[in-house]
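Trainee: When you get a sec, could you give me coordinates for this:
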Amino acid sequence: MTDATTEIALHVRDYFAHIRHELKTPVNAVIGYSELLMEDAEDRGQDAFIPDLHRIHTAGKTLLTLINELLVAEHAEAAARIHEPGASHTPVPHAEDLPEEAPLAPGGHGYLLVVDDNDNNRDMLSRRLQRQGHTVAAAENGRQALEMLAESSFDLVLLDIMMPEMDGYQALRQIKADPALGHIPVIMLSALGELESVVRCIEMGAEDYLPKPFNPVLLQARIGACLEKKRLRDQEIEYLRNVAEVTNAAGAVEAGVFAPEALDAVAARPDALGQLARVFQKMGREVQAREQQLQQQVQQLRIEIDQTRKERQVAEIIGTDYFQELQRKAGELRNRNR
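Mentor: Just a heads-up that it's a prediction; the model follows:
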């Protein structure tokens with residue numbers, strides 16, 4: 001395959017990826033909203049609406065299947081034409097050359113960030129996640145998502161791939177390259193279903209990958225698994241931090257500067273490390289109490305030594321011949337005055 005043919009093949013792939021995204025996005029919105037409306041109808045006892053909503057949902061699924069089949073066939077036919085000997089190739093536009101949709105306004109549980117340039121997608125997914133008990137914020141592109149991540153502590157990011165200004169690949173790369181953000185799990189979301197895209201996202205550090213439209217049960221399971229993994233990681237980091245605090249406390253005891261209240265947070269733990277911290281606090285307080293007692297005893301001993309020294313000095317002075325002579329003369333003076 002020549003370099004020119006390879007470049008054309010890549011352009012064709014990008015072109016069909018863009019078309020697939022543009023066609024499937026509104027259909028996915030229809031499917032998602034019909035699911036939400038059916039759940040609302042069931043919750044409110046409005047069963048009369050459910051059959052029609054179910055038909056809409058089924059029609060959306062059917063249309064999505066037709067789009068996939070049509071685009072796969074067209075892509076295969078275009079690829080075959082590219083590789084025909086002597087074929088003259090009509091230039092295929094780059095994906096970035098196609099008109100892009102203008103950015104739209106943003107419309108155990110966790111604090112989740114939904115990143116998608118499509119307003120309906122953000123709204124639909126946010127509603128779904130809120131129903132599952134999560135707190136949700138939304139961003140309309142990768143750049144806005146990075147700004148929000150720098151300002152707030154999120155537990156999970158659900159990141160669309162095809163977006164204007166900064167796409168999901170670029171945003172994922174920056175998230176994982178940032179030491180302050182790299183620990184946050186990221187689930188990639190896209191109407192693209194190519195294995196190459198999935199592999200690329202996982203290699204870049206994504207925790208998981210979900211194709212649109214979302215299966216609500218699968219979505220909940222994947223998010224739950226990611227949040228549980230992050231919770232365990234956070235617990236491990238907190239444990240190591242607490243171990244470091246106990247180790248520092250040991251050094252402080254040895255240096256004689258231990259403050260028992262410095263281990264209050266660790267001592268509140270219900271596990272063995274918390275018990276160790278409580279024992280450490282007790283020992284530290286006992287050591288401090290003994291030191292204070294010894295200091296008091298030493299102070300009292302110093303007072304007694306000073307008193308004894310003074311009494312000895314007085315006795316030595318009184319016992320001298322000079323002092324005895326002064327006492328005799330003083331007695332004679334008193335007798336005369338009488």
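
Trainee: Other residues contacting the helix or strand hosting Ile175?
Mentor: Assessed by DSSP states H and E, Ile175 sits inside helix 168-177. Under the criterion Cβ atoms under 8 Å, 6 or more residues apart in numbering, residues 115, 141-143, 145-146, 149, 157, 159-162, 181-182, 184, 186, 188-190, 200-201, 204-206 lie in contact with helix 168-177. Where C-beta positions appear, they are placed from N, C-alpha and C, glycine not excepted.

Trainee: and those residues, which are buried?
Mentor: Neighbour-count burial (16 or more other Cβ atoms under 10 Å) is assigned, among the contacts of helix 168-177, to 115, 141-143, 145-146, 149, 157, 159-162, 181, 184, 186, 188-190, 200-201, 204, 206.

Trainee: The residues you listed in strands, which ones?
Mentor: Where these overlap with strands, as defined by DSSP state E, the overlap consists of 115, 157, 159-160, 186, 188-190.

Trainee: show me what contacts the nearest residue to Arg127 once chain neighbours are set aside?
Mentor: Spatial nearest neighbour of Arg127, chain neighbours left out: Leu36 (6.0 Å); criterion: Cβ to Cβ, 6 or more residues apart in numbering. For Leu36, the contacting residues are 124, 127-128, taking Cβ under 8 Å, 6+ apart as the criterion.

Trainee: how about 10 Å then?
Mentor: Residues touching Leu36, when contacts are defined by Cβ atoms under 10 Å, 6 or more residues apart in numbering, comprise 53, 123-124, 127-128, 131, 216.

Trainee: The lengthiest helix in the chain packs against which elements?
Mentor: Looking only at the chain and at elements set by DSSP state H, the helix with the highest residue count is helix 272-318. Under the contact criterion of 3 or more Cβ pairs under 10 Å, 6 or more residues apart in numbering; DSSP states H and E, the helices and strands touching helix 272-318 comprise helix 216-255, helix 264-267, helix 321-337.

Trainee: What is the nearest of the ones in strands among the buried ones among the contacts of helix 168-177 to Gly45?
Mentor: Taking Cβ to Cβ as the measure, Leu189 is the one of these closest to Gly45, at 32.7 Å.

Trainee: Would you check that the closest one makes contact with Lys212?
Mentor: Yes: counting by Cβ atoms under 10 Å, a contact exists between Leu189 and Lys212, whose distance comes to 6.3 Å.

Trainee: hmm, back to that, which pair of the ones in strands among the buried ones among the contacts of helix 168-177 spans the longest distance?
Mentor: When these are compared pair by pair using Cβ to Cβ, the two farthest from each other are Val157 and Ser190, 13.9 Å apart.

Trainee: Specify the local secondary structure of Tyr209.
Mentor: strand (DSSP: H, G, I helix; E, B strand; the rest coil).

Trainee: Report the beta-bridge partners for it.
Mentor: Note on Tyr209: beta-bridge partners by DSSP bridges are Met188.

Trainee: which residues touch it?
Mentor: 161, 186-190, 192-193, 197-202, 222.

Trainee: what comes up buried for stretch 285-292?
Mentor: With the criterion 16+ other Cβ under 10 Å, stretch 285-292 contains no buried residue.

Trainee: scratch that, stretch 266-280 is what I was asking about
Mentor: Of all the residues in stretch 266-280, those buried under the rule 16+ other Cβ under 10 Å are 266-267, 269, 273-274, 276-278, 280.

Trainee: For that stretch, give the mean pLDDT please.
Mentor: Confidence over stretch 266-280, taken as the mean pLDDT, stands at 84.

Trainee: end-to-end on it?
Mentor: One end of stretch 266-280 to the other measures 11 Å (Cα to Cα, to the nearest Å).

Trainee: That one: how far from the chain's middle?
Mentor: For stretch 266-280, the gap between its own C-alpha mean and the chain's C-alpha mean amounts to 25 Å (Cα atoms, centre = their mean, to the nearest Å).

Trainee: so Arg127 touches Pro216, yeah?
Mentor: No: using Cβ under 10 Å, Arg127 is not in contact with Pro216, being 11.2 Å away.

Trainee: Now do the shared contacts for the two.
Mentor: Residues touching both Arg127 and Pro216 comprise 32, 36, 39, with contact defined as Cβ under 10 Å, 6+ apart.
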